[in-house]
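**Student:** need coordinates for the following:
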Amino acid sequence: MERQRRTRLVVGLALVLGLLFSACGAETETADAPATTAAAPATTSAAPETTAAAPETTTAAEPPATTQAAMEEEVHTLRIAVSGDLPSIDPIFGQNTLTNMTLKNIYAQFLFYEPPEGEVGAFAKANISKRIGRAVERIEYSDGGRTVTMHIRQGVTFPTTGNPMTADDFLWFYERAFCAKASTMFNSNSYGVMSTDQVEKIDDYTIRVTLENPSPIIENQIRAQVAVILDSEAIKPHITEDDPCGNEWIAQNYAGNGVYRLVEWDRGQRIVFEANPAWAWPEPYFGRVELLVIPDASNRILLLETGEVDMAMDLDERQLARLDESGTANVLKIPGRRTLRLLLNNEMPPFDIREVRQALNYAVPYETIINDILQGTGVHIPGPVSPNSTYYQDFGFEDLQKYTYDLDTARALLAEAGFADGFEFTLMIPQGNTLVDEIATFLRSEYQKIGVTMNIERATGAVLAEAMGQATGDAYLRGWFTDFVDEPFFHFNLWWRTKSVINWTQYTDPRMDEIVAALKVTTDKDAQRELAREGMALIINDAPEVWIAGGATQVALAHGLLGYVHEPDELPIWGSLYREG
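**Tutor:** Residues are numbered from 1 along each chain as shown. As a prediction, this is how the structure comes out:
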């Protein structure tokens, strides 16, 4: 009965909160809300009749069995409180943590990291030095690593259609990548696939990829949450002249074959997934996963503290610290690679002057932010890579220059750049992100000490994303960034190559482009080390952004939820989780 009460309470609270917040946002959802609300009293008024009849049926066998089944289902239902709805389930357009987490759990990547050995317990790290087969059963390399033969796992079907997964679906993965020109094309380009001509079908369960040069990053890239196989036969009927890549249909319809499959999407309120019956690997403990859209952080915390949800996402450091201190939830603190970075538009004066950018780095009270705002969970970083990165440690980045809090040096650099009296600019930040808002407000007062006036513009996620993508803003502080692959070429290519996909600072340097090109084809560790150290020293000196802090991965879980497996992308794996006992 307690579990039944929990089910009714959490769904009811999620519905009420969802309707409340949808009334402030999407007009379509608001228009539908009154009908749903009006229907509720009828359901409620029927309850006494059901209660009155209960004594007559207590001796029958069916109700206890039904109750037992409901209780069993409740135990094996994982509920996660999230701050917003999914914008899309299209694997090539994952642009936020919620979307990427979902993609990772409902689609099958080519490869995945080797899970930790034995029982996980509270949490454990995956073995990122080894990738094992998922949609691809095994890979063979020949011609010095230039020819990559992928043997596709046989006997795997797509749950929505029953279609088998074959080489045709893999060919279509690459065809769509170059059709849509989004993340999967960037992903493919990074390991040397520049066109579909480099991919050929050998037979129904084998494809061959021909590279110009061996790639040090190919296996890391084909285990990314965007490197997934879709049911091409299910999608092709929805391809039109106006939508040749099928983007519109894929964004809202499930055609994958991951651990979980989408079964219900109640916009702005709840998204439900169930274990994929066609999944070819061990069955997960949780047969059902529900994402409950709870926009207010205090309500997400309340649901976690009362045991109505198993995980609460999108909490800031102060909220996590209070949860941890209260003991009402289990807050995992995992040394992570996330970084807080204030991005400066290097094409926008005065940020086209290196000394100005350096000055802003010298005007950050790093220790105050780490100890007070981040509640002691942050670290001082010399540049854009966290000290917890494996190549930061392997390549000895710790001896590179660090900016320190030095207002005199900051003023001297501004004077050298011709801005002795300071200047004014606008920082764009996301609405509703309490951590970012607190840091931005604090930095505004600090920058005033060197004569710099920083205005703060709080924008919606869509407006902020557009400004960053089109380079129309002066500066941006979006929140934590994490490289999904812990590897030097991935980082430098993603952030610092001229016109790269997320080079939001618009940084450009000919030598940096040469370093990125060399890292792309370099497999020798000593050569990688020299290139990466030169590249990092160059970036630190050029200061295209302000490096505020590195942070730990913190996850708020209900007591008794075990099996959290940490990977470099910091995205929870639903299939590894289980309840204690």
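
**Student:** run through the residues that contact the residue nearest the centre of the chain.
**Tutor:** The residue lying closest to the centre of the chain (C-alpha atoms, centre = their mean) is residue 97, at 3.0 Å. Residue 97 makes contacts with 313, 314, 571, as judged by C-beta atoms under 8 Å, 6 or more residues apart in numbering. All C-beta spots, glycine's among them, are computed from the backbone N, C-alpha and C.

**Student:** what is the burial count for residue 408?
**Tutor:** Neighbour count for residue 408, taken as other C-beta atoms under 10 Å: 9.

**Student:** over to the one 5 residues further on?
**Tutor:** When neighbours are counted by other C-beta under 10 Å, residue 413 registers 24.

**Student:** report the contact partners of the nearest residue to residue 284 once chain neighbours are set aside.
**Tutor:** Leaving out its chain neighbours, the residue that sits closest to residue 284 by C-beta to C-beta, 6 or more residues apart in numbering is residue 575, at 3.9 Å. Contacts for residue 575 (C-beta under 8 Å, 6+ apart) come out as 105, 259, 260, 284, 285, 286.

**Student:** at 7 Å what do you get?
**Tutor:** By C-beta atoms under 7 Å, 6 or more residues apart in numbering, the contact set of residue 575 is 105, 259, 284.

**Student:** go on, residue 350?
**Tutor:** 356, 417, 419, 423.

**Student:** what's the farthest-apart pair in the residues you listed?
**Tutor:** 417 and 423 (9.4 Å; C-beta to C-beta).

**Student:** related to what we said a few turns ago, from the contacts of residue 97, which shows the smallest pLDDT?
**Tutor:** pLDDT across the contacts of residue 97 is lowest for residue 314, at 91.

**Student:** did I read that right, that one in a strand?
**Tutor:** No: read with DSSP: H, G, I helix; E, B strand; the rest coil, residue 314 is coil and lies in no strand.

**Student:** ok, now how distant is it from residue 162?
**Tutor:** For residue 314, the distance to residue 162 equals 37 Å [C-beta to C-beta, to the nearest Å].

**Student:** who has more neighbours, the two?
**Tutor:** Neighbour count, other C-beta under 10 Å: between residue 314 and residue 162, residue 314 has more, with 21 against 9.

**Student:** circling back to that earlier point, helices - which of the contacts of residue 350 land there?
**Tutor:** Members of the contacts of residue 350 lying in helices (criterion: DSSP state H): residue 356.

**Student:** residues contacting residue 85?
**Tutor:** 267, 268, 293 are the contacts of residue 85 under C-beta under 7 Å, 6+ apart.

**Student:** now residue 377: closest residue in space, sequence neighbours ignored.
**Tutor:** Per C-beta to C-beta, 6+ apart, closest to residue 377 is residue 552, 4.7 Å.

**Student:** quick one: secondary structure of that neighbour?
**Tutor:** Per three-state DSSP, residue 552 ends up strand.

**Student:** and what of residue 208?
**Tutor:** Quick answer, by three-state DSSP: residue 208 is strand.

**Student:** mind checking how far it is from residue 151?
**Tutor:** 10 Å.

**Student:** ditto for residue 364
**Tutor:** Taking C-beta to C-beta, one finds residue 364 at 51 Å from residue 151.

**Student:** remind me, longest strand of the chain?
**Tutor:** Counting residues, the longest strand in the chain under DSSP state E turns out to be strand 330-344.

**Student:** chain center to that one, what's the gap?
**Tutor:** Here the centre of strand 330-344 is set off from its chain's centre by 12 Å, with C-alpha atoms, centre = their mean, to the nearest Å.

**Student:** same thing with stretch 88-107?
**Tutor:** The answer for stretch 88-107 is 8 Å, by C-alpha atoms, centre = their mean.

**Student:** what residues of it count as buried?
**Tutor:** By neighbour count on 16 or more other C-beta atoms under 10 Å, the buried set for stretch 88-107 is 88-94, 96-107.

**Student:** again with stretch 371-389
**Tutor:** Quick answer for stretch 371-389 (16+ other C-beta under 10 Å): 373-375, 377-386, 388-389.

**Student:** cool, and stretch 232-243?
**Tutor:** Quick answer for stretch 232-243 (16+ other C-beta under 10 Å): 232, 233, 234, 235, 239.

**Student:** export these to TSV and tack on pLDDT and distance to residue 170?
**Tutor:** Listed next are the buried residues of stretch 232-243 as TSV, based on pLDDT from 0 to 100; distance: C-beta to C-beta, whole Å:
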residue	pLDDT	distance to residue 170
232	97	9
233	97	13
234	97	15
235	97	14
239	96	18
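
**Student:** format these as CSV; extra columns: distance to residue 348 and secondary structure.
**Tutor:** As requested, the buried residues of stretch 232-243 are exported to CSV (distance: C-beta to C-beta, whole Å; DSSP: H, G, I helix; E, B strand; the rest coil):
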residue, distance to residue 348, secondary structure
232, 43, helix
233, 48, helix
234, 45, helix
235, 41, helix
239, 40, coil
